[in-house]
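J.: Coordinates for the following, if possible.
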Amino acid sequence: MSTSAASHLSPAYPERAAWGTAGKLRAWQAAALERYLTERPRDFLAVATPGAGKTTFALRVATELLDRGEVSRITIVAPTEHLKVQWAEAAARVGIRIDPGFTNAQGRHARDFDGIAVTYAGVASKPLLHRARTEAARSLVILDEVHHGGDALSWGDAVREAFEPATRRLALTGTPFRSDTAAIPFVRYEMDHEGVLRSAADFTYGYADALRDGVVRPVIFLSYGGTMRWRTKVGDELEARLGDAITKDLTKQAWRTALDPAGEWVPSVLRAADKRLTEVRRHVEDAGGLVIASDKTAARAYARQLRGITGEAPTVVLSDDAGASAKIEEYAAGSSRWMVAVRMVSEGVDVPRLCVGVYATSTSTPLFFAQAVGRFVRARRRGETASVFLPNVPLLLGHAGSMEVERDHALNKKRSEDEEGLWSEEDGLVARANATENASGELEGSFEALQSAAEFDHVLFDAQQFGLGGLPGSEDEEEYLGLPGLLEPDQVAEVLRDRQRKQVKRGGGRERAEALSAHRALAEQRKELNKLVSAYAQKKGQPHAIVHAELRRTCGGPELATATTEQVQARIDTIRQWFVGRR
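T.: Take a look at the predicted model:
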């Protein structure tokens, strides 16, 4: 800790002063604290990568302000009920008494406490109550994961209404800001050289910085593709491979098919992930794994599959489970292998022993992806690595490849096609589907997954690909799953390069690599045909499936997914003739 930061300590509260003089702050925390104490701002936004220690920094700020008498009350606003308890326990360790059980019905907290922890939803339901509490005493408001202030217009308005009178406001976030244009309360926006209003952080500590300092673990992404088959609402059976150059609609449907618990993709990936976890546990005995599911039905099914694979029942955490927090705490303190969760462990929840993850959800926003991966990066000792298994979906691989890129919240920037189009729409559909289940517990919809198979595709580390062309279940895949559990970041890169050299030397994957080149060329043909079919279907007012069926009847051959280059080209030539009326 810097000398200037230490000089601000007050002896008014011996317990808190002793904690402060222990010199336990990381370099970035000490630097951020020094800036805060020097500038003494009313509003301060700290952006620090998940696992860096935002809670410790915020509680140190709270300690300083309480000791100096600048505030006399603390209000912590967190996204979930579990995080309220987590904050209260962390605060207790540094001598700050926070009541996580406060309810709006109480109106006030017991005099034994220095303040309360509430959720954003709780504030939104009674903003005037919280405004009155804020006005009643000199208050520091800590807004944890402040981007939730933009989850809904009513939430943002409520947070602004409740905490506008606060003496100090400390906003924290560890993930990219939202991709929409809803202003987040108490965040400062500045115009950049392109005329875009962007959020301005008062202190930033990114993933690349934290990785260099050994504060977080390096992340190895293992991508799995495979062939998927499903039936559409009009009864057509389609087939596609995850990772092929197909349309976004087909990619989403193939992805959804992969995640269906009745198929083979999920259990195959779970078996691979459990092998990886076994290897990591050779070096890190209590290493744990987490499967992030889209909904509670899938979560329970994945848990049954894991029990069959490992012989051990995993911990299942559902957001509507009254005992969710207790389950997370029990898992965090234990040494069991797996936990399965729906969103509950995607943000802020601190389970440092999580080392292996399976991203088995169709949620695709950069915000959620960063939150999810953030559960695995908290370092406890040098050399720990994180391994996250992903569907071979270009959008997810793009998120994985840009982990070191800082993203600011832009209010007036035109969103990209992915941000405003099909992907964000899909996330909304999934959320609504999860909220409305039919009487049998099955998700309603017009989509039926028929068959799925998983294939190892490649390893992604530091935006570089390794292992392309490795066959599933081959020696190539086994070597990547068997990477040592303790490696420094530069050692990870070197070991991966060594694995790649061995693979090439023994000819591993060469045959498949040539096939990949051929199938990528075929995939481009399919993409061209799909565009022509889409345009023709719109022109004629017909469903795409009807046009595909007519092409198949006219030209012969199997369904598009298994058609040869010559057969696809024949259909392209035919539909072009249809456009000019030669039919």
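
J.: Name the strands paired with the biggest strand by length in the chain and say parallel or antiparallel.
T.: If you go by DSSP state E, the chain has its longest strand at strand 219-231. Its sheet considered, strand 219-231 pairs with strand 237-242 (antiparallel), strand 386-391 (parallel), strand 448-452 (antiparallel), strand 455-461 (antiparallel) by DSSP bridges.

J.: And the next helix or strand past the helix or strand Leu532 falls within?
T.: Counting by DSSP states H and E, the element that carries Leu532 is helix 510-540. Using DSSP H and E, the helix or strand that directly follows helix 510-540 along the chain is helix 544-555.

J.: what does that next one contact?
T.: For helix 544-555, the external contacting residues (CB atoms under 8 Å, 6 or more residues apart in numbering) are 232, 234, 236, 530, 533-534, 536-537, 540, 558-560, 567, 570-571, 574-575. Quick note: C-beta positions are derived from backbone N, CA and C, even for glycine.

J.: Quick one: the strands paired with strand 219-231 as JSON lines, columns for mean pLDDT too.
T.: Formatted as JSON lines, the strands paired with strand 219-231 follow (pLDDT from 0 to 100):
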{"stretch": "strand 237-242", "mean pLDDT": "88"}
{"stretch": "strand 386-391", "mean pLDDT": "94"}
{"stretch": "strand 448-452", "mean pLDDT": "90"}
{"stretch": "strand 455-461", "mean pLDDT": "85"}
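
J.: so which of the ones you listed comes closest to Trp155?
T.: With CB to CB as the measure, strand 386-391 is the member of the strands paired with strand 219-231 nearest Trp155 (29.8 Å).

J.: Need the CA coordinates for that closest one. CSV is fine.
T.: Below are the C-alpha coordinates for strand 386-391, written out as CSV (Å, rounded to 0.1, in the frame of the first residue of the first chain):
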residue,chain,number,x,y,z
ALA,A,386,-9.1,-22.1,-15.8
SER,A,387,-10.6,-24.3,-18.5
VAL,A,388,-14.0,-23.4,-20.0
PHE,A,389,-15.8,-25.7,-22.5
LEU,A,390,-17.8,-23.9,-25.2
PRO,A,391,-20.1,-24.8,-28.1
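
J.: for whatever helix or strand comes next after it, what is the average pLDDT?
T.: Counting by DSSP H and E, the next helix or strand C-terminal to strand 386-391 is helix 394-401. Taken as a whole, helix 394-401 has a mean pLDDT of 84.

J.: So what angle separates the directions of helix 394-401 and strand 386-391?
T.: Calculated by axes from the mean of the first three to the mean of the last three CA atoms, to 10 degrees, helix 394-401 forms an angle of 160 degrees with strand 386-391.

J.: How about helix 394-401, which residues are buried there?
T.: By neighbour count on 16 or more other CB atoms under 10 Å, the buried set for helix 394-401 is 395-397, 399-401.

J.: Strands along the stretch 101-250 of the chain, start to end?
T.: With DSSP state E, counting those that start in this stretch as the criterion, the stretch 101-250 of the chain has strands at 115-119, 139-143, 168-173, 189-191, 197-199, 203-205, 219-231, 237-242.

J.: want to throw those into JSON lines with mean neighbour count and distance to Gly485?
T.: Output for the strands of the stretch 101-250 of the chain, formatted as JSON lines (neighbours: other CB atoms under 10 Å; distance: least, CB to CB, whole Å):
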{"stretch": "strand 115-119", "mean neighbour count": "24", "distance to Gly485": "35"}
{"stretch": "strand 139-143", "mean neighbour count": "26", "distance to Gly485": "35"}
{"stretch": "strand 168-173", "mean neighbour count": "24", "distance to Gly485": "30"}
{"stretch": "strand 189-191", "mean neighbour count": "13", "distance to Gly485": "43"}
{"stretch": "strand 197-199", "mean neighbour count": "20", "distance to Gly485": "37"}
{"stretch": "strand 203-205", "mean neighbour count": "20", "distance to Gly485": "26"}
{"stretch": "strand 219-231", "mean neighbour count": "23", "distance to Gly485": "11"}
{"stretch": "strand 237-242", "mean neighbour count": "20", "distance to Gly485": "27"}
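
J.: Make TSV from those and add distance to Leu259 to it.
T.: Listed next are the strands of the stretch 101-250 of the chain as TSV, based on distance: least, CB to CB, whole Å:
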stretch	distance to Leu259
strand 115-119	29
strand 139-143	33
strand 168-173	28
strand 189-191	37
strand 197-199	33
strand 203-205	34
strand 219-231	10
strand 237-242	11
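
J.: For Val85, find the nearest of those strands.
T.: Using CB to CB, the strands of the stretch 101-250 of the chain put strand 115-119 closest to Val85, at 7.7 Å.

J.: partner strands of the closest one, parallel or antiparallel?
T.: Sheet pairing of strand 115-119 (DSSP bridges) gives strand 73-78 (parallel), strand 98-99 (parallel).

J.: Check the model's average confidence along the longest strand of the chain for me.
T.: Here strand 219-231 scores 91 as its mean pLDDT.

J.: now stretch 366-377
T.: 84.

J.: closest one to Glu161 among the strands paired with strand 219-231?
T.: That would be strand 386-391 among these, by CB to CB, at 39.2 Å.

J.: Quick one: distance of the closest one to the chain centre.
T.: 11 Å (CA atoms, centre = their mean, to the nearest Å).

J.: just to revisit the earlier point, when you filter the contacts of helix 544-555 down to buried only, what's left?
T.: 232, 530, 533, 536-537, 560, 567, 570-571, 574-575.

J.: Including distance to Glu135, could those go into CSV?
T.: Shown next, in CSV, are those (distance: CB to CB, whole Å):
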residue, distance to Glu135
Thr232, 57
Asn530, 60
Val533, 63
Tyr536, 65
Ala537, 61
Leu560, 65
Gln567, 73
Ala570, 75
Arg571, 70
Thr574, 74
Ile575, 69
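
J.: what's the farthest-apart pair in those residues?
T.: Maximum pairwise distance among these (CB to CB): 23.4 Å, between Thr232 and Ala570.

J.: what bits of the stretch 151-300 of the chain have low per-residue confidence?
T.: Within the stretch 151-300 of the chain, the stretches with pLDDT under 70 are 151-153, 176-182, 245.

J.: how is this structure carved up into domains?
T.: Domain assignment of the chain by automatic domain parsing yields the ranges 3-212, 219-405+449-481, 517-579.

J.: same for the host helix or strand of Leu33, what does it pack against?
T.: Element membership of Leu33, judged by DSSP H and E, is helix 27-39. When contacts are defined as 3 or more CB pairs under 8 Å, 6 or more residues apart in numbering; DSSP states H and E, helix 27-39 sits against helix 3-6, strand 43-48, helix 54-67, strand 203-205.

J.: still on that earlier bit, reformat the domains of the chain as JSON lines; add distance to Asp490.
T.: Below are those laid out as JSON lines (distance: least, CB to CB, whole Å):
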{"stretch": "domain 3-212", "distance to Asp490": "11"}
{"stretch": "domain 219-405+449-481", "distance to Asp490": "10"}
{"stretch": "domain 517-579", "distance to Asp490": "32"}
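
J.: Out of those domains, which is closest to Arg499?
T.: The closest of these to Arg499 is domain 219-405+449-481. By CB to CB, the value is 5.2 Å.

J.: distance between the closest one and the chain's centre?
T.: How far domain 219-405+449-481 lies from its chain's middle: 11 Å, per CA atoms, centre = their mean.

J.: and the most centrally placed residue in the chain, what element?
T.: Nearest to the mean C-alpha position of the chain, by CA atoms, centre = their mean, lies Phe369 at 2.3 Å. Taking DSSP H and E as the criterion, Phe369 maps to helix 366-374.

J.: Repeat that for Ala326.
T.: Going by DSSP H and E, Ala326 is in helix 324-333.

J.: Mind giving me the packing neighbours of that helix?
T.: For helix 324-333, the packing partners by 3+ CB pairs under 8 Å, 6+ apart come out as helix 81-92, strand 315-317.

J.: Which neighbours in the sheet does the shortest one have, and how are they oriented?
T.: Just to be clear, that refers to strand 315-317. strand 338-341 (parallel).
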